[in-house]
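> A structural model of the following input is requested.
(4 chains)
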Protein chains: 2
Amino acid sequence: MSLNDIIGDGSTGQGQQIRTEPMQQRSAARLSALLDAAAAVVDEVGFDRITTAMVAERAGASIGTVYRYYPDRVAVLHALRERAVLRFRQRFVEEMNLTRPETWWDAVDCAVTAFVGLYRSEAGFRILHFADRERTPEADGDAESGFFARRLADILAEEFGLPAGPDLNFRLEMTIEMADALLSRAFASDPQGDERIIAECRRIMHDYLVGFYGPSVGSNAPVLSQRS
Amino acid sequence: MSLNDIIGDGSTGQGQQIRTEPMQQRSAARLSALLDAAAAVVDEVGFDRITTAMVAERAGASIGTVYRYYPDRVAVLHALRERAVLRFRQRFVEEMNLTRPETWWDAVDCAVTAFVGLYRSEAGFRILHFADRERTPEADGDAESGFFARRLADILAEEFGLPAGPDLNFRLEMTIEMADALLSRAFASDPQGDERIIAECRRIMHDYLVGFYGPSVGSNAPVLSQRS
DNA sequence: GCTTACCGAACGGAACTCGATCATGGACGT
DNA sequence: ACGTCCATGATCGAGTTCCGTTCGGTAAGC
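Numbering: from 1, shown residues only, chains lettered A, B, ... in the order given. All right, here's what the predicted structure looks like:
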């Protein structure tokens, strides 16, 4: 289990959503151009005013090309979300390598920093929550937050000695769900992200986890769970 | 300021969304039948697969009737959300009258109970978050969670002596946003609501607010803010 | 009877299909 | 090595279908 494993394979397990895997280089470029276009359009006209024609035109492609890759309109949005999720994981890894966190909290904080950074820089990111509110009925509530929570749990356990197990996974999942909501709220009131809300989000996450895993300390042995 | 004021006028300030106010009795029934139908359809096919034809047919009405009352498809969804919000406020008031809370936490807990109850009983409720992710650009991030937070703040201040002011509003807004996310998550994994998540949600809300307002005590004087 | 409510065929526009056409890059001969 | 050939991937966009929305005509309340 290395840090890079958190990036994963790019799938968040929501079923097939691409029609044809690109075989030639140009089509890979097309694909990402289509997603770039979709992101721009989403930022401009919003999530449900988006039309396939807009995406195609903005990407310099024709309608048919959109449907070569995606079975329908919502699949494009799903793919956009997938890519954003992937970029978040990558950015989180970058952030970890950059700051070299010394405590488990610093590591968690990297996730917040990565998330906020992407919200600020990435077009279309605002629309895409991890917790896909439009879950497909058969997606067993285990979409993205679950994956990321597990990987983060692995890291916190291996690198910082937190006690691994379902409890850690569960608490991180709660943390991520809260943070997603609060940070999205921060960017809903302010395109740059309301600093007060972001700070409060960090504090809430921190206090919640500290209750279980004790104050963040450097290389000391972890404090065991103190509550239920 | 009475408890009933929290129910408000039924508008959450998202602009006009009804075309014609009903003049006769039957049309009021039609209106709510349309929303019932919309709720059922939303539960069946999901938020963005819903079509006006489905709603009309399910309600035993014709297409034209839908458009007599609502200017377009999204207006129907907005109205459905409005009604759910209104019912939540009503249920919260009922819950308060029923349990006669003795501490500020019991009062907050009533909101959770009301929310969970509605999620379980009300069709279509699952789709409708308070924090409308599809905010209209000019709605200054102040849709529903803001309104409810303010009213709840009023109650907590007047009935239980919590220090009124923008800080209380802000913290309640954070609390509501978290709770909304966590409870929705609870119902995403389990149609009856994952009890563990619901309990954890309560704990998180409680611990967060206790940090500022001290342990819930009966009729004692409130403990003043102990942090920042 | 006059106003309100309702209907559903018809219109427009957006989602999506499909056969024609173009581009790519490995195969193959020299 | 070099060029050419062509199977197959990739692209296009007019056409089809489906859905949101309108509107004139009909029925029901008061």
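> and the longest helix seen in chain A, anywhere near DNA strand D?
Within chain A, and with DSSP state H defining each element, the longest helix by residue count is helix A:73-99. No. Looking at helix A:73-99 against DNA strand D by Cβ under 7 Å from any atom of the strand, there are no contacts, and the closest approach is 11.2 Å. All C-beta spots, glycine's among them, are computed from the backbone N, C-alpha and C.
> So which elements touch that helix?
helix A:25-45, helix A:52-58, helix A:104-121 (3 or more Cβ pairs under 8 Å, 6 or more residues apart in numbering or on different chains; DSSP states H and E).
> swap the cut-off to 6 Å and go again
helix A:25-45, helix A:104-121 (3 or more Cβ pairs under 6 Å, 6 or more residues apart in numbering or on different chains; DSSP states H and E).
> which residues sit against the last one?
With contacts defined as Cβ atoms under 6 Å, 6 or more residues apart in numbering or on different chains, helix A:104-121 is touched by A:88, A:91-92, A:95-96, A:101, A:125, A:156, A:160, A:162, A:183, A:187, A:193, A:202, A:206, A:216.
> tell me the mean pLDDT over that helix?
The average of the pLDDT scores along helix A:104-121 is 97.
> Dump it to PDB, restricted to CA.
This file holds the C-alpha atoms of helix A:104-121, laid out as PDB (Å, rounded to 0.1, in the frame of the first residue of the first chain):
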ATOM      1  CA  TRP A 104      -2.300  12.600  11.300                       C
ATOM      2  CA  TRP A 105      -4.100  15.900  11.400                       C
ATOM      3  CA  ASP A 106      -1.700  17.500   9.000                       C
ATOM      4  CA  ALA A 107      -2.400  14.600   6.600                       C
ATOM      5  CA  VAL A 108      -6.200  15.100   6.900                       C
ATOM      6  CA  ASP A 109      -5.600  18.800   6.400                       C
ATOM      7  CA  CYS A 110      -3.900  18.100   3.100                       C
ATOM      8  CA  ALA A 111      -7.200  16.800   1.800                       C
ATOM      9  CA  VAL A 112      -8.900  20.000   2.700                       C
ATOM     10  CA  THR A 113      -6.200  22.000   1.100                       C
ATOM     11  CA  ALA A 114      -6.400  19.900  -2.100                       C
ATOM     12  CA  PHE A 115     -10.100  20.200  -2.200                       C
ATOM     13  CA  VAL A 116     -10.100  24.000  -1.700                       C
ATOM     14  CA  GLY A 117      -7.400  24.400  -4.200                       C
ATOM     15  CA  LEU A 118      -9.300  22.500  -6.900                       C
ATOM     16  CA  TYR A 119     -12.500  24.300  -6.100                       C
ATOM     17  CA  ARG A 120     -10.700  27.500  -6.800                       C
ATOM     18  CA  SER A 121      -8.800  26.500 -10.000                       C
END
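> buried residues in that helix?
Along helix A:104-121, the positions that meet the burial threshold by neighbour count (16 or more other Cβ atoms under 10 Å in any protein chain shown) are A:104-119.
> Go through these and name the one nearest A:V210.
For the buried residues of helix A:104-121, the closest approach to A:V210 (Cβ to Cβ) belongs to A:W105, at 7.7 Å.
> what's the distance between the closest residue to A:C110 other than its chain neighbours and A:V108?
The spatially closest residue to A:C110, leaving aside those adjacent along the chain, is A:E95, at 4.2 Å (Cβ to Cβ, 6 or more residues apart in numbering or on different chains). Taking Cβ to Cβ, to the nearest Å as the measure, A:E95 and A:V108 are separated by 11 Å.
> show me the contacts for the nearest residue to A:I197 once chain neighbours are set aside.
Distance criterion Cβ to Cβ, 6+ apart; nearest residue to A:I197, sequence neighbours excluded, is A:A186 at 3.8 Å. With contacts defined as Cβ under 6 Å, 6+ apart, A:A186 is in contact with A:G193, A:D194, A:I197, A:I198.
> Just the ones in strands from the residues you listed, please.
The subset of the contacts of A:A186 located in strands under the criterion DSSP state E is empty.
> Looking at those, which are in helices?
Using DSSP H, A:I197, A:I198 are the members of those that sit in helices.
> per-domain residue ranges of chain A.
Listed domain ranges for chain A are A:15-71, A:80-228 (source: automatic domain parsing).
> returning to what we had before: quick check: which of the helices and strands packed on helix A:73-99 is nearest to B:T20?
For B:T20, the closest of the helices and strands packed on helix A:73-99 is helix A:25-45, at 28.6 Å, according to Cβ to Cβ.
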